[in-house]
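Peer 1: need a structure here:
(chains A, B and C)
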Amino acid sequence: MIPLNEAQQQAVRYLDGPCLVLAGAGSGKTRVITGKIAYLVQERGYSPRQIYALTFTNKAALEMAHRLESLLGRSRARGITISTFHSLGVRILREEAQELGLKKTFSILDSQDAMGLIQEIVQTTDKARIKHLMHVISLWKNAALDPDEAAAVANQTGEVDASRVYYSYQATLKAYQAVDFDDLILLPLRLLSSNPVVRARWQSRVRYLLVDEYQDTNACQYQLLRELTGERAMFTAVGDDDQAIYGWRGATIENLAKLQQDYPNLHLIKLEQNYRSSQTILNAANKVIQANPKLFDKKLWSEHGVGEPITVTRMDDEHMEAKSVAVRLSAARFEKQANWKDFAILYRSNQQARVIEQALRELRIPYTISGGQSFFEKQEIRDLLAYLRLIVNDEDDPAFIRAATTPRRGIGQASLQVLGELAGKLQVSLMRAAQHEDLKDLLQPRQLEALRGFVSFVQHYQKRADMPPDREPVEKLLDNLLSDIGYENHLFDTAPDDRSAQARWQNVLDLMDWLKSRAAEHEDGLVGLVQHISLVTMLERQQDEEPDAVKLSTLHASKGLEFPHVYLIGVEEGLLPHLGREDDLTVDDAQALANRIQEERRLMYVGITRAQRSLHLTWCARRRRARQERVCEISRFVAEMGLNAAGNEVSEQEVISPAKRLDMLKNLLASKQKVRG
DNA sequence: ACAGAATCAAATTAT
DNA sequence: TTGATTCTGT
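Peer 2: The predicted structure is shown next:
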């Protein structure tokens, strides 16, 4: 058993009912969750299969599984379900597909596919509008509203057109035998709440449930938790209201308060001892978060020493910022005899990484980057996955279109148009329409031949993929498929130069390796594998020996990580806190603005609390934003931390007074603050 | 049907 | 400045 402090032990041992653990940053929450699972198995006689632990990211799930393995041993950790909400959703949907009128082989549309779908429905090219519609619909789904309920709400909020789109969107998904990310939570919830038999089945399976990052749950996920645990309510939710940073995704902190209302016997435990950061860093973090209205009173403390002072540095622009951070980081590594992987550079938005990458490359500093475009969003990867998706579920029209047209094989816009019209008329999938007699009269012989060729190509692989029990190994099938498609030639024909073609081809090979390594885990062949892929956003290959490299990460992606030395860049008004575009900066809704600032403040809090020993903030006097140079001011959060623009601590009164803050800012702009260190 | 050229819009965060 | 889409000629 790992050593635990008093509060942690309480959290682990409490089994008399629902339990909420408020775990401050660095207070050992993963330790509590894994410790509790081990306790359930070893001391309380729970069988591993009865225990379910839910996280939000695959990374968190994976790490938890690893820790459990070393705690319990491989064999005893085996049956425990540790997965993301979405993976559990897939599992429920697959097992209960019939109840929902869904094929077991349903496709999971990623957000790009979903966007394409909406584009079709609305018949517009206005990207901003499409994004907005998608966002609104997603929020409705996250709030567990069906189209009818959404329509009622839409009347008040002025999103009537979005609610109309919602209807057609759901209808289209159904026609494709497809679901989107939000459905992975929503549909299981619908099923459990409406079907007593299914509900009883799952409740008898889930004897104990643990939820990580509870503050990030949305209304849908909360209800799912309620349905899964039922009357018995044997669960532990672990979270930190100060680290709630996914409100824009539908997460609602109210779920914390709700827990207390809905479960009067809820046992509340606070973890306030921090094992991560120096006192200086914790003080700054505490001060910043104090500016938010607090749901629960909580103050982090640590036994660590005061440590290094926090530095705040003004830069001319983002290039200077990048260069300076690279140089200072490099020097610090030498001075401290540290490793590259002891350093992280954190930022608000992905685009900030660009300049940093350049600067690091110039100085030959190795780095890894997390967040940003995922491996599975790359063109070449999506191309190949479309083939797999189509083989598994031939009603998946988006996959059909993609696979049929890449590489070019004589099926173009004209053919697809005709095909699409026929499919619409007959109310069948594109694949089905492509096999229809009537096509003879609608297409030229060459077009028809190309189409028929494609259809039989897909059918050939469908047969091969679907022949239990002695189905041929997925590995072989994948190899054949790749060479049959002729994708390598296609890449070298279409890429602008050989170098990028080579890079893309390498991605493809990486994908194949990854698929093969996972194939064994899915005994039902391609189906499970393909559904699994849709949920994996980041390539989790960092597990094989982490390289010694500086970590570049968005603040959002940094949650849960820790580093000895952290550089938090772009600490400016407008960027952190991020305040949207200038034109809608009008304070139309003061409450909405305040809420946004509060979430940004929590983001700042997350950033600060990633640091163990040293923390360095930088901000730019000018920054290129939306193709224009903009003059920037230092973020309000710096003053809230109790620091002035030079990084010196200031007294309490100065922190609080806005007038003083303004003065400081003026002084700062007047004097030419130079780089420290 | 397709490849290269020309034009145009663009910036939060991500399962 | 990039990156993506549309246009144009074969």
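
Peer 1: tell me which residue of the stretch 201-350 of chain A lies closest to DNA strand B.
Peer 2: Nearest residue of the stretch 201-350 of chain A to DNA strand B (CB to the nearest atom of the strand) works out as A:N350 at 2.9 Å. Every residue, glycine included, has its C-beta placed from N, CA and C.

Peer 1: for A:K270, give its distance to A:S27.
Peer 2: Using CB to CB, to the nearest Å, one gets 9 Å for the distance from A:K270 to A:S27.

Peer 1: next one: A:E437
Peer 2: In terms of CB to CB, A:E437 sits 67 Å off from A:S27.

Peer 1: the two: who's more crowded?
Peer 2: A:S27 (25 against 6; other CB atoms under 10 Å).

Peer 1: spatially nearest residue to that one, not counting backbone neighbours?
Peer 2: Once flanking residues are discounted, A:S27 sits nearest to A:L271: 3.8 Å by CB to CB, 6 or more residues apart in numbering.

Peer 1: can you list the low-confidence ranges for the stretch 301-450 of chain A?
Peer 2: A:371-374 (pLDDT under 70).

Peer 1: what's the answer for chain A, then?
Peer 2: Ranges of chain A meeting pLDDT under 70: A:1, A:371-374, A:467-471, A:496-497, A:537-545, A:581-588, A:627, A:651-677.

Peer 1: can you give me the helices in the stretch 301-450 of chain A?
Peer 2: A:318-336, A:352-362, A:379-392, A:397-405, A:413-426, A:430-434, A:439-442, A:445-465 (DSSP state H, counting those that start in this stretch).

Peer 1: by contact count, what packs against the second one?
Peer 2: Counting contacts by 3 or more CB pairs under 8 Å, 6 or more residues apart in numbering; DSSP states H and E, the secondary-structure elements packed against helix A:352-362 are helix A:318-336, strand A:343-347, strand A:367-370, strand A:550-554.

Peer 1: quick check: angle from that helix to strand A:343-347?
Peer 2: 150 degrees (axes from the mean of the first three to the mean of the last three CA atoms, to 10 degrees).

Peer 1: close to DNA strand B: what parts of the stretch 401-550 of chain A are there?
Peer 2: For the stretch 401-550 of chain A, the residues in contact with DNA strand B (CB under 7 Å from any atom of the strand) are A:405, A:408-415, A:447, A:493-494, A:535, A:537-538.

Peer 1: so how far is A:H556 from the residue of the stretch 201-350 of chain A closest to DNA strand B?
Peer 2: From A:N350 to A:H556 the distance is 10 Å (CB to CB).

Peer 1: cool, and A:V238?
Peer 2: Taking CB to CB, one finds A:V238 at 19 Å from A:H556.

Peer 1: likewise for A:V571?
Peer 2: From A:V571 to A:H556 the distance is 16 Å (CB to CB).

Peer 1: the two: which is more packed in?
Peer 2: Taking other CB under 10 Å, A:V571 and A:H556 do not tie; A:V571 has more neighbours (25 against 18).

Peer 1: can you report phi and psi for the more buried one?
Peer 2: phi -80, psi 70 (degrees, to the nearest 10).

Peer 1: before we move on, what about the one 3 residues further on?
Peer 2: Main-chain torsions, A:G574, degrees, to the nearest 10: phi 100, psi -30.

Peer 1: so which residues on the stretch 101-250 of chain A come close to DNA strand B?
Peer 2: A:S111, A:K127, A:A128, A:F181, A:D182, A:I245, A:W248, A:R249.

Peer 1: settle this for me: A:R402 is touching A:E380, isn't it.
Peer 2: No - at 11.7 Å, A:R402 does not count as touching A:E380 under the criterion of CB atoms under 8 Å.

Peer 1: list the contacts of A:Y14.
Peer 2: A:T236, A:H267, A:I269 (CB atoms under 8 Å, 6 or more residues apart in numbering).

Peer 1: what does A:Y387 give?
Peer 2: So A:Y387 contacts A:A399, A:A403, A:Y461, A:L481, A:I485 (CB under 8 Å, 6+ apart).

Peer 1: isn't the first one right next to A:A386, touching?
Peer 2: Yes - counting by CB under 8 Å, A:A399 touches A:A386, with 4.4 Å between them.

Peer 1: returning to that earlier point: farthest-separated two in the residues of the stretch 101-250 of chain A next to DNA strand B?
Peer 2: A:K127 and A:I245 (25.3 Å; CB to CB).

Peer 1: so for those two, which residue has more residues nearby?
Peer 2: With neighbours defined as other CB under 10 Å, A:K127 and A:I245 compare such that A:I245 has more, 22 against 10.

Peer 1: and the more buried one, that's in a strand?
Peer 2: No - assigned with DSSP: H, G, I helix; E, B strand; the rest coil, A:I245 falls outside any strand and is coil.

Peer 1: for chain A, identify the residue most remote from the centre.
Peer 2: A:D441 (47.7 Å; CA atoms, centre = their mean).

Peer 1: against DNA strand B, how distant is it?
Peer 2: 16 Å (CB to the nearest atom of the strand, to the nearest Å).

Peer 1: equivalent analysis for A:Y14, please.
Peer 2: 28 Å.

Peer 1: can you check A:E362 too?
Peer 2: Going from A:E362 to DNA strand B by CB to the nearest atom of the strand gives 21 Å.

Peer 1: once you drop chain neighbours, what's closest to that residue?
Peer 2: A:A326 (7.4 Å).

Peer 1: so what's the residue count around that neighbour?
Peer 2: 24.

Peer 1: hmm, A:E357 and it touching each other?
Peer 2: No - A:A326 sits out of contact with A:E357 when judged by CB under 8 Å, with a separation of 10.0 Å.

Peer 1: quick one: residues contacting the closest residue to A:I369 other than its chain neighbours.
Peer 2: Counting by CB to CB, 6+ apart, A:I369 lies nearest to A:L552, which is 4.4 Å off, once chain neighbours are set aside. Neighbouring residues of A:L552 by CB under 8 Å, 6+ apart: A:A344, A:I345, A:Y347, A:A353, A:I356, A:E357, A:L360, A:Y367, A:T368, A:I369, A:S370.

Peer 1: picking that back up, in ChimeraX, select just the buried ones from the contacts of A:Y14.
Peer 2: To isolate the buried ones among the contacts of A:Y14 in ChimeraX, judged by 16 or more other CB atoms under 10 Å, type:
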select /A:236,267,269
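
Peer 1: give me the subset of the contacts of A:Y14 lying in strands.
Peer 2: Among these, DSSP state E puts A:T236, A:H267, A:I269 in strands.

Peer 1: okay, these in JSON lines with distance to A:K299 next?
Peer 2: Below are the ones in strands among the contacts of A:Y14 laid out as JSON lines (distance: CB to CB, whole Å):
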{"residue": "A:T236", "distance to A:K299": "23"}
{"residue": "A:H267", "distance to A:K299": "21"}
{"residue": "A:I269", "distance to A:K299": "15"}
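
Peer 1: related to what we said a few turns ago, out of the contacts of A:Y387, who has the most neighbours?
Peer 2: A:A399 (29 neighbours).

Peer 1: ok so, going back, out of the helices of the stretch 301-450 of chain A, deepest packed?
Peer 2: Ranked by mean neighbour count, the helices of the stretch 301-450 of chain A are led by helix A:397-405 with a mean of 24 (mean count of other CB atoms under 10 Å).

Peer 1: okay, it in CSV with CA atoms only?
Peer 2: Coordinates of the C-alpha atoms in helix A:397-405 are reproduced here as CSV (Å, rounded to 0.1, in the frame of the first residue of the first chain):
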residue,chain,number,x,y,z
ASP,A,397,-21.7,8.1,-46.7
PRO,A,398,-18.9,10.5,-45.6
ALA,A,399,-16.5,7.6,-45.6
PHE,A,400,-17.8,6.5,-49.0
ILE,A,401,-17.2,9.9,-50.6
ARG,A,402,-13.7,10.2,-49.2
ALA,A,403,-12.6,6.7,-50.1
ALA,A,404,-14.2,6.7,-53.5
THR,A,405,-12.4,9.9,-54.5
